[in-house]
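Trainee: Fold the following, please.
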Amino acid sequence: MDWKQLPFLWDRLQRSEKPVVIYGMGDGCEKIMRVCGEYRIPVAGIFASDEYVRGHSFLGYPVLRYDEAKQAFGSMIVLLAFAAFESGLVSKIKRIAVENELYAPDVPLFGGGLFERRYIKEHRAELEQVYALLADARSRQVFESVLAYKITGCIDYLLACETPKQEAFDQILRFGPEECYADLGAYDGDTVVEFVRVVNGAYRRIYALEPNPKNFSRLVRGCAGLPEVVSIQKGAWNREETLAFHAKAGRSSAILPGAAQSIEAAPVDDLIEEPLSYIKLDVEGAEREALEGCRRQILAYKPKLAISAYHRNEDLFALPLQISAMRADYRIYLRHHPYIPAWDTVYYMV
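Mentor: Numbering: from 1, shown residues only. This next block holds a predicted model:
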């Protein structure tokens with residue numbers, strides 16, 4: 001794919017004469033509004049799904065229902081400002097996309113920057129290096145599609161490259177009966193329970209790290225009754241340290257300089273002595289540091305890895321290059337599981 005030929009979303013919005021309307025509220029809407037302001041793209045309004053419209057306003061805009069937005073703006077460009085994976089909601093987004101020009105802007109969850117013209121030019125060599133490292137044709141297709149989505153904001157690229165997680169479990173990770181699994185960013189234990197289901201309850205031990213106190217309590221409850229599960233209330237990091245932490249609801253808690261709360265963090269190499277056979281990292285933008293904290297395990301035992309590649313702009317290329325620099329003998333696969341925007345894009349390494 002020649003990335004130079006793809007139309008950049010923000011260029012398209014600057015040229016358009018259609019009103020630009022944001023679908024959704026919250027952090028996503030605020031981020032998109034900021035980028036629109038930087039590019040001097042006027043935002044005409046905001047609408048939300050009917051069940052969230054209560055006659056209120058957001059960022060100074062009255063929050064409309066979709067039918068009200070259609071009546072007010074006619075033919076419009078819709079910018080999706082929230083994440084969706086549930087089939088009913090995805091179907092609703094697809095219906096809106098049939099009636100309007102719809103994009104899901106790729107704004108990073110953490111850090112700055114956008115996949116715009118200058119950014120791609122600066123990192124083209126790294127992108128091409130990672131592309132050459134990918135182990136199969138599916139990975140290369142996913143890489144091209146995710147990159148095309150990031151450039152254009154067009155969700156069709158994501159929909160075209162989705163695969164279920166089970167394919168990665170069955171065809172790439174191929175667990176054995178004696179896995180020793182470290183779940184970094186274990187949230188409420190849902191991915192621990194998922195792993196236990198996938199291996200039919202046959203494993204050696206599970207270590208589950210979760211720094212958020214509320215989530216950790218849910219993790220302990222969620223894993224109650226599962227044998228050989230060690231829950232650790234720490235964040236995965238590259239050194240032992242007390243870190244400022246923003247404890248949001250759900251999965252979005254993250255290390256954030258200046259935040260009012262704090263957590264204890266440490267390297268996995270210091271916390272877990274026995275050889276690990278599988279490590280999952282979904283640590284809300286701290287993947288680079290967490291991987292460095294797993295260096296001894298990676299060098300000594302070459303555990304299978306599942307690494308979230310969507311929290312920061314650079315994750316798509318920086319994380320596989322980081323692992324390749326540690327051990328050049330990993331086979332690197334990339335999969336995108338059903339999600340809009342490009343969340344749940346994961347590198348699998350074996």
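Trainee: Flag every buried residue along stretch 14-21.
Mentor: By neighbour count on 16 or more other CB atoms under 10 Å, the buried set for stretch 14-21 is 19, 20, 21. No exception for glycine: its C-beta is placed from N, CA and C like everyone else's.
Trainee: just how off-centre is that stretch within its chain?
Mentor: The chain centre lies 28 Å from the centre of stretch 14-21; the measure is CA atoms, centre = their mean, to the nearest Å.
Trainee: how far does it stretch from start to finish?
Mentor: Terminal residues of stretch 14-21 lie 13 Å apart, using CA to CA, to the nearest Å.
Trainee: mean confidence score for it?
Mentor: The pLDDT scores in stretch 14-21 average 96.
Trainee: Touching that stretch from outside, list them.
Mentor: 13, 36, 39-47, 69, 73-79, 101 (CB atoms under 8 Å, 6 or more residues apart in numbering).
Trainee: one more time with 6 Å
Mentor: Residues outside stretch 14-21 that contact it (CB atoms under 6 Å, 6 or more residues apart in numbering): 39, 41, 43, 44, 45, 69, 73, 75, 76, 77, 78.
Trainee: what's the closest of the buried residues of stretch 14-21 to residue 218?
Mentor: residue 21 (36.6 Å; CB to CB).
Trainee: Among the buried residues of stretch 14-21, which one sits closest to residue 130?
Mentor: Among the buried residues of stretch 14-21, residue 20 lies closest to residue 130 (CB to CB), at 32.7 Å.
Trainee: The closest one and residue 69, how far apart?
Mentor: According to CB to CB, to the nearest Å, residue 20 stands 11 Å off from residue 69.
Trainee: pLDDT below threshold where in this structure?
Mentor: Scanning the chain for pLDDT under 70 picks out 1-4, 246-260.
Trainee: in it, which spans are helices?
Mentor: All helices of the chain, identified by DSSP state H, fall at 9-15, 26-38, 66-73, 87-99, 117-133, 137-152, 156-159, 165-168, 190-198, 213-222, 268-271, 287-292, 295-301, 315-326.
Trainee: Can you get me a residue count around residue 147?
Mentor: By the measure other CB atoms under 10 Å, the count of residues near residue 147 is 22.
Trainee: ok, now how distant is it from residue 118?
Mentor: 15 Å.
Trainee: Tell me which residues touch the spatially closest residue to residue 149 that is not a sequence neighbour, please.
Mentor: Once flanking residues are discounted, residue 149 sits nearest to residue 157: 4.0 Å by CB to CB, 6 or more residues apart in numbering. By CB under 6 Å, 6+ apart, the contact set of residue 157 is 145, 148, 149.
Trainee: what number of residues lie near the nearest residue to the first one once chain neighbours are set aside?
Mentor: When you say that, I think you mean residue 145. The spatially closest residue to residue 145, leaving aside those adjacent along the chain, is residue 161, at 3.9 Å (CB to CB, 6+ apart). Number of residues near residue 161 (other CB under 10 Å) recorded here: 22.
Trainee: ditto for residue 67
Mentor: Residue 67: 10 neighbours (other CB under 10 Å).
Trainee: Check the one 5 residues further on too.
Mentor: Here the neighbour count serves as a burial measure; for residue 72 (other CB under 10 Å) it reads 15.
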